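A.B. asks: Output the structure for:
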Amino acid sequence: MSKIGLIIKREYSSRVKKKSFIIMTILVPILAAGFLIGAMILGMPEDRDLSIKVIDDSLIVGQNLHISQHNETENKNNPFADPEAHLKSKITYKPDIKLTLDEARALLDSDQANFDMILYIPENILVSNVVKLYYKEMPNSKAQASIMDNINETIEILKVKEANMDYQYYKSIKTQVAVHTIDNKSESDQDSQIEIKAGIGFALGLMIYMFIFIYGVQVMKGVIEEKTNRIVEVIVSSVKPFELMMGKIIGIMLVGLTQFAMWVVLIGIFSTLVMPFMLPDGYDVGTLAGEMNGPHTTAEVANAMGQQDQVIMQDNEIINFLFTQVPWGSLIAIFLFFFIGGYLLYGSLMAAIGAAVDSETDTQQFMLPVTLPLVFAYLISVMGMQDPNSTVMQWCSQIPFTSPVVMLVRYSANAGEGMTLSLITSMLLLIVTFIGTTWLAGKIYRTGILMYGKKVTYKELFKWLKY
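C.D. replies: As a prediction, the model looks like this:
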């Protein structure tokens, strides 16, 4: 086995056998899953019956509101409706022509109120299209959507009748247009879902960002520790400084990849066992795909649905998109390349910083210019999610110091379409830059690893590069 191989083996085995590595490898996915489940449970809307006092100055809307937002007949014919909706919360409207708004609000604040909210309908409702909902305890988003859906339908019916039009005929001609964005080259007729795709790329880019910081700092600390303990003086008598640096960088990289792979496996097990119970009601990939690709278009289905059901439909479409339309194979391959390339690039620079200083407190002046491009890449990715193909995003996806994070957002948002040349160029630039920075870092490492007690400046570093 080569000397670099022996160093890699030592770095890898010494770190993966630590209790802290094993504990964190198991604990992080469990904690992440726990936080996710906890947040979802705490954020789930509470199903409870609501009683709404209706103060109707128009004298025409309140009396026509439905007693409950649930309609079993409609739900049976709606594939996106909750089949157990009639067993859950119920919203009851109570029109009151005796109370004024001020009296109702005063009663709501008292302990004698037999209602939960006040719905105020102004006299000019058919013109203004604005109502006010007063509450003592804020209703959840699901209840708000139901109330809004009910009011909209009631006012719509009244306006249609006022125009002497049959409501069923009006519903048959009512149109909600769905805009499908299509790539001209691929001629794909599927929605681009660019924000979701960019979000996936951003999540993967964020993982690279964190990985580089966490394990790059480990490389730097490892070099400083060996230098401080004078262990390196013994080691360099047997191996070249460059071999020692590369062995340490690659060994720690393999530790990170091992930990990441184990996290993926554990998260995959969690997703398989738990996620089916956390999907929205009525979700089914096959059924939904058939519904969307069948004789009815998305717009036609949406026209026949209320606002609350459309929310469920949108959730289902997003999950269906994640399972069936994201090119996970190529995306993971690209992710692994930039994952490794970005780490090797920054890891070599951080190893050079570790060799140039005597303690961690001396690293601050050198860390800023190294980490600043990475932080900049993160910020650009956040802003670039809205426009992944902007000029700034295109340039940053080519610059090696920012491409490991930014390219993931661009590639994911475009699903790889039309990205071949840009991707190859970015990869080649990253490889060339990695080789160049490793060569420069090796020069600094070779000189600085055996230098003690001297305050290193940038001027001194440039001198070392000439040796």
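
A.B. asks: all contacts plus neighbour counts: C-alpha atoms, from now on.
C.D. replies: OK.

A.B. asks: tell me what the longest strand anywhere in the chain is packed against?
C.D. replies: Counting residues, the longest strand in the chain under DSSP state E turns out to be strand 50-56. Identification of packing neighbours for strand 50-56 by 3 or more Cα pairs under 8 Å, 6 or more residues apart in numbering; DSSP states H and E yields strand 91-95, strand 117-121.

A.B. asks: need these in TSV with distance to G62, can you?
C.D. replies: Below are the helices and strands packed on strand 50-56 laid out as TSV (distance: least, Cα to Cα, whole Å):
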stretch	distance to G62
strand 91-95	6
strand 117-121	8
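
A.B. asks: okay, those, which one's buried deepest?
C.D. replies: With neighbours taken as mean count of other Cα atoms under 10 Å, the helices and strands packed on strand 50-56 reach their highest mean count in strand 117-121, at a mean of 23.

A.B. asks: who does it pair up with?
C.D. replies: Applying DSSP bridges to the sheet, strand 117-121 is found paired with strand 50-56 (parallel), strand 132-135 (antiparallel).

A.B. asks: Quick one: mean pLDDT for the longest one?
C.D. replies: This means strand 50-56. Average pLDDT, strand 50-56: 88.

A.B. asks: same question, the last one
C.D. replies: Strand 132-135 carries an average pLDDT of 90.

A.B. asks: Buried by neighbour count: which residues of that strand qualify?
C.D. replies: Residues of strand 132-135 classed as buried: 133-135 (neighbour count, 16 or more other Cα atoms under 10 Å).

A.B. asks: Show me what counts as buried in stretch 399-415.
C.D. replies: 399-415.

A.B. asks: mind checking how far it is from the chain centre?
C.D. replies: 15 Å (Cα atoms, centre = their mean, to the nearest Å).

A.B. asks: Dump the C-alpha coordinates for that stretch into CSV.
C.D. replies: Output of stretch 399-415 as CSV, limited to C-alpha atoms (Å, rounded to 0.1, in the frame of the first residue of the first chain):
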residue,chain,number,x,y,z
ILE,A,399,-16.6,30.0,-10.8
PRO,A,400,-15.1,27.0,-8.9
PHE,A,401,-15.2,28.7,-5.5
THR,A,402,-19.0,29.1,-5.8
SER,A,403,-20.1,26.4,-8.3
PRO,A,404,-20.4,23.5,-5.8
VAL,A,405,-23.4,25.3,-4.2
VAL,A,406,-24.8,27.4,-7.0
MET,A,407,-24.7,24.7,-9.8
LEU,A,408,-26.9,22.4,-7.8
VAL,A,409,-29.7,25.0,-7.8
ARG,A,410,-29.3,25.7,-11.5
TYR,A,411,-29.1,22.1,-12.6
SER,A,412,-32.1,21.1,-10.4
ALA,A,413,-34.3,24.0,-11.5
ASN,A,414,-33.7,23.1,-15.2
ALA,A,415,-33.8,19.4,-14.6
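
A.B. asks: mind listing what A113 touches?
C.D. replies: L107 (Cα atoms under 8 Å, 6 or more residues apart in numbering).

A.B. asks: could you measure it against R105, distance?
C.D. replies: 10 Å (Cα to Cα, to the nearest Å).

A.B. asks: hmm, back to that, which of the buried residues of stretch 399-415 fall within strands?
C.D. replies: Using DSSP E, none of the buried residues of stretch 399-415 sit in strands.

A.B. asks: for the stretch 151-300 of the chain, which spans come out with low pLDDT?
C.D. replies: 178-194, 271, 274-300 (pLDDT under 70).

A.B. asks: And the helices in it, which stretches?
C.D. replies: Using DSSP state H, counting those that start in this stretch, the helices of the stretch 151-300 of the chain run over residues 167-173, 194-228, 231-235, 241-274, 285-293, 298-303.

A.B. asks: how about these, which one is nearest T437?
C.D. replies: T437 lies closest, by Cα to Cα, to one member of the helices of the stretch 151-300 of the chain: helix 241-274, at 12.1 Å.

A.B. asks: Out of the helices of the stretch 151-300 of the chain, which is closest to K53?
C.D. replies: So among the helices of the stretch 151-300 of the chain, helix 167-173 is nearest, using Cα to Cα, at 27.2 Å.

A.B. asks: Can you spell out which helices and strands pack onto that closest one?
C.D. replies: helix 141-162.

A.B. asks: rerun at 6 Å
C.D. replies: Based on contacts counted as 3 or more Cα pairs under 6 Å, 6 or more residues apart in numbering; DSSP states H and E, there is no element that helix 167-173 packs against.

A.B. asks: ok now that helix, how far from the chain's centre?
C.D. replies: 40 Å.

A.B. asks: ok, now stretch 229-236?
C.D. replies: Distance, centroid of stretch 229-236 to centroid of chain: 44 Å (Cα atoms, centre = their mean).

A.B. asks: Sort out which residues of it are buried, please.
C.D. replies: Under 16+ other Cα under 10 Å, the buried positions of stretch 229-236 are 232, 236.

A.B. asks: Could you pull up the residues touching T433?
C.D. replies: For T433, no residue meets the contact criterion (Cα atoms under 6 Å, 6 or more residues apart in numbering).

A.B. asks: Following the chain past the helix or strand hosting it, name the next helix or strand.
C.D. replies: Using DSSP states H and E, T433 sits in helix 420-448. Next along the chain after helix 420-448, taking DSSP H and E as the criterion, comes helix 458-465.

A.B. asks: secondary structure class for F335?
C.D. replies: helix (DSSP: H, G, I helix; E, B strand; the rest coil).

A.B. asks: Could you measure from it over to G205?
C.D. replies: Taken as Cα to Cα, the span from F335 to G205 is 8 Å.

A.B. asks: what's the answer for S146, then?
C.D. replies: Taking Cα to Cα, one finds S146 at 38 Å from G205.

A.B. asks: In terms of neighbours, single out the busier of these two.
C.D. replies: A count of neighbours by other Cα atoms under 10 Å puts G205 above the other of S146 and G205, at 25 against 20.

A.B. asks: Which residue, other than its chain neighbours, is closest to that one?
C.D. replies: V405 (4.3 Å; Cα to Cα, 6 or more residues apart in numbering).

A.B. asks: what's the domain layout of this structure?
C.D. replies: Domains of the chain are assigned by automatic domain parsing as 3-29+193-465, 50-173.

A.B. asks: how about these in a markdown table, adding distance to I37?
C.D. replies: Shown next, in a markdown table, are the domains of the chain (distance: least, Cα to Cα, whole Å):
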| stretch | distance to I37 |
| --- | --- |
| domain 3-29+193-465 | 9 |
| domain 50-173 | 19 |
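
A.B. asks: looking at these, which is buried most?
C.D. replies: Comparing the domains of the chain by mean count of other Cα under 10 Å gives domain 3-29+193-465 as most buried, with a mean of 18.

A.B. asks: gap between the two ends of that one?
C.D. replies: OK, domain 3-29+193-465 end separation, Cα to Cα: 25 Å.

A.B. asks: Good, wrapping up.
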